[in-house]
Every structure is written in structure tokens, then in C-alpha cells.
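Colleague: kindly return the folded structure for what I paste below:
(chains A and B)
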Amino acid sequence: SAVISQKPSRDICQRGTSLTIQCQVDSQVTMMFWYRQQPGQSLTLIATANQGSEATYESGFVIDKFPISRPNLTFSTLTVSNMSPEDSSIYLCSVGGYGATQETQYFGPGTRLLVL
Amino acid sequence: GENVEQHPSTLSVQEGDSAVIKCTYSDSASNYFPWYKQELGKGPQLIIDIRSNVGEKKDQRIAVTLNKTAKHFSLHITETQPEDSAVYFCAATLDYKLSFGAGTTVTVRA
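Modeller: Numbering: from 1, shown residues only, chains lettered A, B, ... in the order given. All right, here's what the predicted structure looks like:
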């Protein structure tokens, strides 16, 4: 399976500030995704990170709040902008199209964010 | 969009017994169904998956079944061990996007 790293692993931030989360995978992948997991909840897809073009956002998520970059096939960033306590969550990146399996997604370890 | 329901929300089993988690999905076009295990403080780990053209798949103590007609799929864990304690998520894939169930917290009692 893919080896995925995320930085930072956790952070405590003040409201009104922004945090950028990095996701790095050990091999080129077709697809990269960003998810949010609120405390004790399931995973919700934020957006698909597209290499060389704007990310595709799911309903309820907007680019101004969650700008995403994907400069190449192994790296992506998610920024959580103008944070409020409601943004306290685990943010996870996943990759798809790793090797021969197009549908399978592998997840990174997550970034645990607490907003005060 | 796709809607996935998962039951039960919590499951407590005696070590050595079996555990069964059931999921239903709404969109008949979904074609790939992975199961993830998430331990505390970690990201979800893929444990088994099944595609829509297969009815059953087994990997050691873990098996998954799929009923396309009824739009439901299940995870079976046999001979449970303490290290099986975790949160388990089912998911359905449509156009390469995952929709997750709410999760099942499994506790294996020694």
C-alpha cells in the first residue's frame, strides 16, 4: 500500500488564523483527496485535489475556506482559513490510483486540529 | 449522492466470538465497497474490499459479502482477538468518491 505522511500531525491554533496541512505520498498517484473527521464522527469528503487545476469541492465546502494546492503527483496541501472552534477536527488526505488499483484509497495518519 | 447506513454503532464481543457489521447503500451505480479499521490516533486502514461483480471475499479471519440486489454488504470477523478492538467504517464508491457509513466501535472483551 501507499506510504503517506502528513504535516503537522497535530496543532493548536487561535481563532481567526489559518493553518496549512501538507500531504506527501511515496509514489506518483492519480488522485488525491482531503477529508474531515469531526470528533467521534465519520469521514466527510472535502474536495478532490487536481494536479495542475483547481480542486473540485463537495457540497458545503468552498475554496475560500479550504484552499487546496496540488503542484505535482505526490504532494498536496490543504489550508483551513479564518479558523473557528467548529473547525476542530481531524483532517485526512487519501490517495487513489496507486499502482494498478484505481478505486482503492489509502489514508494518511491525519492532522489533529484544535481551534481555541 | 450516495447514502451509506451502518449498524450497529457499537458492538461488544467476547474474545474468540464472531462480529458482524452491516451496511446498506442507496445508489445502485456504486461499484466498489471497502472496509476500513481506525485505531485511536491513527488514520483509517484498509482491511478488505469487494467489487460489485463479486459476492463474497475472504482474507484469513475477515470476510465481506455483497448483495447487489438488496444493496447491502457485511463484514464478518471470526475468532475475534483484543487487537480487533477499533472503529470500523464501511464505504461505497461512486465515480472514485468514497461515502462512509457512521462507523462501528468494536470492543473485544478478554
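Colleague: end to end, how far does stretch A:16-32 reach?
Modeller: Stretch A:16-32 has its terminal residues 27 Å apart, counting by C-alpha to C-alpha, to the nearest Å.
Colleague: if you could redo that for stretch A:108-116, that was the one I meant.
Modeller: End-to-end distance for stretch A:108-116: 25 Å, by C-alpha to C-alpha.
Colleague: quick one: residues in contact with that stretch.
Modeller: A:4-15, A:19, A:21, A:23, A:37, A:80, A:83-94, B:42-43 (C-beta atoms under 8 Å, 6 or more residues apart in numbering or on different chains). In short, each C-beta sits where N, CA and C put it, glycine included.
Colleague: which parts of it are buried?
Modeller: Under the neighbour-count criterion of 16 or more other C-beta atoms under 10 Å in any protein chain shown, stretch A:108-116 has A:Gly108, A:Pro109, A:Gly110, A:Thr111, A:Arg112, A:Leu113, A:Val115 buried.
Colleague: one step back: give me the buried subset of the contacts of stretch A:108-116.
Modeller: Neighbour counting by 16+ other C-beta under 10 Å classes A:4, A:6, A:13, A:19, A:21, A:23, A:37, A:80, A:83, A:87-94, B:43 among those as buried.
Colleague: now, which of the residues you listed lie within strands?
Modeller: In this view, these that belong to strands under DSSP state E are A:4, A:6, A:13, A:19, A:21, A:23, A:37, A:80, A:89-94.
Colleague: chain B: which of these is nearest?
Modeller: A:Leu92 (5.6 Å; C-beta to the nearest C-beta).
Colleague: residue contacts, that closest one?
Modeller: A:Gln6, A:Trp34, A:Tyr35, A:Arg36, A:Gln37, A:Leu43, A:Phe107, A:Gly108, A:Gly110, A:Thr111, B:Gly43, B:Pro44.
Colleague: output those as JSON lines; include the columns pLDDT and distance to B:Gln6.
Modeller: What follows is those, written out as JSON lines (pLDDT from 0 to 100; distance: C-beta to C-beta, whole Å):
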{"residue": "A:Gln6", "pLDDT": "98", "distance to B:Gln6": "26"}
{"residue": "A:Trp34", "pLDDT": "98", "distance to B:Gln6": "22"}
{"residue": "A:Tyr35", "pLDDT": "98", "distance to B:Gln6": "17"}
{"residue": "A:Arg36", "pLDDT": "98", "distance to B:Gln6": "18"}
{"residue": "A:Gln37", "pLDDT": "97", "distance to B:Gln6": "15"}
{"residue": "A:Leu43", "pLDDT": "97", "distance to B:Gln6": "12"}
{"residue": "A:Phe107", "pLDDT": "96", "distance to B:Gln6": "18"}
{"residue": "A:Gly108", "pLDDT": "97", "distance to B:Gln6": "23"}
{"residue": "A:Gly110", "pLDDT": "98", "distance to B:Gln6": "20"}
{"residue": "A:Thr111", "pLDDT": "98", "distance to B:Gln6": "25"}
{"residue": "B:Gly43", "pLDDT": "96", "distance to B:Gln6": "19"}
{"residue": "B:Pro44", "pLDDT": "97", "distance to B:Gln6": "14"}
